[in-house]
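**Q** Build the 3D model from these lines:
(chains A and B, ligands or ions: 2)
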Amino acid sequence: MLSESGHPPMTAQRYSLLSLLREGIGGHRGWQPAWRNAEPKQAYDAVVIGGGGHGCATAYYLAKEHGLTNVAVLEKGWLGGGNAARNTTIIRSNYLYDASAAIYDHAMQLWRNLGRELNFNIMMSHRGVMNLAHDDGEARQLKRRVEANRLNGVDAEWLDARQVKDFCPPINISDNVRYPVIGATLQRSGGVNRHDAVVWGYARAASGLGVDIVQNCEVLGIDVAGGAVTAVRTTRGTIKTPKVASVTAGHTSVIASMVDLRLPIVSHPLQALVSEPVKPILPCVVMSNAVHAYCSQSDKGELVIGAGIDLHQSYTQRGGFHVIEEEIAALLELFPQFSRMKLMRHWAGTVDICPDASPIISKTPLRGFYINGGWGTGGWKATPGSGHVFADLVANDAPNEIAAPYTLERFTTGKLVAEHGAAAVAH
Amino acid sequence: MFRITCPYCGPREPTEFTNGGEAHISRPQHPEQLSDAEWAEFVFMRSNTKGVFAERWCHSGGCRKWFNALRDTATDEILAVYRVGEDRPWTDRA
Ligand SMILES: Cc1cc2nc3c(=O)[nH]c(=O)nc-3n(C[C@H](O)[C@H](O)[C@H](O)COP(=O)(O)OP(=O)(O)OC[C@H]3O[C@@H](n4cnc5c(N)ncnc54)[C@H](O)[C@@H]3O)c2cc1C
Ligand SMILES: [Zn+2]
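**A** Ligands and ions are numbered 1, 2, ... in the order given. The predicted model follows:
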């Protein structure tokens, strides 16, 4: 069967123990590329700008849930080389407000079965996420959040300092520090996964359904006629389309400026680092708002450590040394035994910060132009939910119940989803 | 990161400065006459320029004065610094 795009949809090679054995015996000569590295066509029914996690998820759900397969994902660099490649992959859904719980927990439910659905090992590990409290005020806030989470059906519990230590033995709960640990919230279903695998898994599944994944194709402009989108201009030519869905994270304002749309987003550097690999020591994800540290241990054994944003606007994917210095100082108070570890790699992404710390998933005054951005420092955890509801918005030209609060108009009406303090630390 | 030259004190480490975001956004002259859309523009909307960008800095760990800078946000190169009240300097870059 030929798809509308004229290519035979690549019947993706199924990965299984059996295929591994067969290939092992055959000298691994039969593996096929996971997705088609497509050439751009002249026209599509919809174009997704940005081949990160959210963009690939959007394309996959457009094809799978809405039968829109004549779709391209245009990525200016290589697939998943933006924030998808740079994030610390902390996943949780314990946000305060109903609107937030709805979208982040929607994602959490999709994560649970995603590896199976995509037939791709995304290394999902529900190892538990702890958010630490260091003073009474913070403890009160976090307990309130636990209760709000429970009312929304999000799994959450409160641990006192002793229970924190039981759940995470390496942590320092001494009183004799600047910020003593007095308790924590725990979301047991929270955890981490493998960032590349998520992007590749979505791209492979979308490609299998007929979606064109086009790399090294930067969108330079958007053509408009009669108040509607007509085409995108790219480094690889003009592509006609009635629907343009921007999922470009730190570059969302740059895309919006192509159609003179003003957004409330500011792009900042956000840095992360990994240590040398060591034997398993840290069994869960630990986050602290007050000292601004978050840390987990990868399956390879590296500590994965995230910092807070650099406070100036920048697209450089570089941050200041003082930011990671403070970060590490804070982490060492929680885990003094890490003080002799070597840090191996360090990098930054460009994160799209919204004034209310919630995303924009929205139609725009321009017909056929849709925006999904403003996820800032914490959008990885939302990837499947974000792609799922955004595909729905793009296909039906109307937001579903979960996406509805995240309109661009909320900055005019004042109906913000102010998750700042409530979302605890950056992630 | 980058070193910043305070127009009053000279070049200093970035840790001495606090960033104040986009420059040249003035408070509305007649706030009582503003529509919701105009309020949204003043309070929330930002140009978030990739390229030459005018921004505010405060030398908070030094003379504590506010000033403006032109910085290329794609490279972090600072092209000019100027005092509050002075016009945005001309650059031949977009
Ligand atoms: C250091 C760091 C740590 C983080 N940690 C966490 C965490 O622990 N938990 C969490 O939930 N979130 C975290 N985040 C946030 C998370 O990474 C992002 O919210 C999320 O990845 C954004 O969605 P994305 O994957 O689609 O973005 P991206 O991967 O950035 O995708 C956007 C893509 O758009 C492309 N693009 C841009 N402009 C154009 C153009 N003109 N034409 C074509 N393509 C274009 C880019 O090249 C990029 O590939 C972190 C981010 C960083 C930087
Ligand atoms: Zn000074």
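
**Q** Spatially central residue for chain A, please.
**A** Within chain A, one residue has its C-alpha closest to the average C-alpha position: by C-alpha atoms, centre = their mean, that is A:Trp380, at 1.7 Å.

**Q** wait, doesn't that one sit right on A:His195?
**A** Yes - counting by C-beta atoms under 8 Å, A:His195 is a contact partner of A:Trp380 at 7.1 Å. Placement of C-beta: from N, CA and C, glycine included.

**Q** okay, and the common contacts of the two?
**A** When contacts are counted by C-beta atoms under 8 Å, 6 or more residues apart in numbering or on different chains, the set common to A:Trp380 and A:His195 consists of A:53, A:84, A:87, A:89.

**Q** that's a strand at the second one, yeah?
**A** Right, the one you point to is A:Ala84. No - membership of A:Ala84 in a strand is not supported by DSSP: H, G, I helix; E, B strand; the rest coil, which gives helix.

**Q** got a list of what it touches?
**A** By C-beta under 8 Å, 6+ apart, the contact set of A:Ala84 is A:52-53, A:195-196, A:198-199, A:380.

**Q** ok, so of those residues, who is nearest B:Arg83?
**A** Taking C-beta to C-beta as the measure, B:Arg83 sits nearest to A:Gly52 out of those, at 40.8 Å.

**Q** Chain neighbours aside, what residue packs nearest to the closest one?
**A** Across the structure, with C-beta to C-beta, 6 or more residues apart in numbering or on different chains as the measure, the residue nearest A:Gly52 apart from its sequence neighbours is A:Ala84 (4.2 Å).

**Q** What pLDDT does the model give the one you found?
**A** On pLDDT, A:Ala84 comes in at 98.

**Q** cool, and the one 3 residues further on?
**A** Per-residue pLDDT puts A:Asn87 at 98.

**Q** For the residue lying closest to it once chain neighbours are set aside, grab phi and psi.
**A** Across the structure, with C-beta to C-beta, 6+ apart as the measure, the residue nearest A:Asn87 apart from its sequence neighbours is A:Trp380 (4.6 Å). Recorded main-chain torsions at A:Trp380 are phi -60, psi -50, according to degrees, to the nearest 10.

**Q** Tell me the spacing between A:Trp380 and B:Ile25.
**A** As for A:Trp380, its distance to B:Ile25 is 32 Å (criterion: C-beta to C-beta, to the nearest Å).

**Q** ok but A:Ala272 is inside a strand, no?
**A** Yes - going by three-state DSSP, the assignment for A:Ala272 places it inside a strand.

**Q** Tell me the predicted confidence for the residue in chain A that ligand 2 sits nearest to.
**A** Evaluated by C-beta to the ion, chain A has A:His312 as its residue closest to ligand 2, separated by 16.9 Å. Among the per-residue scores, A:His312 shows a pLDDT of 97.

**Q** Pretty sure it sits against B:Glu22.
**A** No - taking contact to mean C-beta under 8 Å, the distance of 10.9 Å between A:His312 and B:Glu22 leaves them out of contact.

**Q** What residues does chain B have near chain A?
**A** Residues of chain B lying close to chain A (C-beta under 8 Å from any C-beta of the partner chain) are B:1, B:14-15, B:18-19, B:21-22, B:36-37, B:39-41, B:43-48, B:50, B:53, B:55, B:73-76.

**Q** how about a cut-off of 6 Å?
**A** Remark: the part of chain B in contact with chain A comprises B:1, B:14-15, B:19, B:36-37, B:40, B:44-46, B:48, B:50, B:73-74, B:76, using C-beta under 6 Å from any C-beta of the partner chain.

**Q** Out of these, list just those in strands.
**A** Taking DSSP state E, the ones among those that sit in strands are B:Asn19.

**Q** before we move on, back to that, looks to me like the residue of chain A closest to ligand 2 is in a helix.
**A** No - note on A:His312: no helix contains this position according to three-state DSSP, which reports coil.

**Q** Run a quick neighbour tally on residue 55.
**A** Assuming you mean chain A. Applying other C-beta atoms under 10 Å in any protein chain shown, we find 34 other residues in the vicinity of A:Gly55.

**Q** The intended chain is chain B.
**A** By other C-beta under 10 Å, the residues close to B:Glu55 number 19.

**Q** can you confirm it is in a strand?
**A** Yes - remark: B:Glu55 belongs to a strand, assigned using three-state DSSP.

**Q** does it really touch B:Ala23, like I thought?
**A** Yes - in this structure, B:Glu55 sits in contact with B:Ala23. The criterion is C-beta atoms under 6 Å, and the distance is 5.3 Å.

**Q** how about low-confidence regions in chain A?
**A** Scanning chain A for pLDDT under 70 picks out A:1-12, A:421-427.

**Q** tell me the contacts of the residue nearest the centre of chain B?
**A** With distances taken as C-alpha atoms, centre = their mean, chain B has B:Glu55 as the residue nearest its mean C-alpha position (1.5 Å). Counting by C-beta atoms under 6 Å, 6 or more residues apart in numbering or on different chains, B:Glu55 makes contact with B:23, B:69.

**Q** For the nearest residue to A:Arg194 once chain neighbours are set aside, give me phi and psi.
**A** Using C-beta to C-beta, 6+ apart and skipping residues adjacent in sequence, the residue nearest A:Arg194 is A:Met123, 3.8 Å away. Summarising the backbone geometry of A:Met123 under the convention degrees, to the nearest 10, its torsions are phi 50, psi 40.

**Q** Which parts of the stretch 101-250 of chain A are helices?
**A** Taking DSSP state H, counting those that start in this stretch, the helices of the stretch 101-250 of chain A run over residues A:136-151, A:161-167, A:195-208.

**Q** any idea how far A:Ser362 is from A:Arg262?
**A** With the distance defined as C-beta to C-beta, A:Arg262 ends up 13 Å from A:Ser362.
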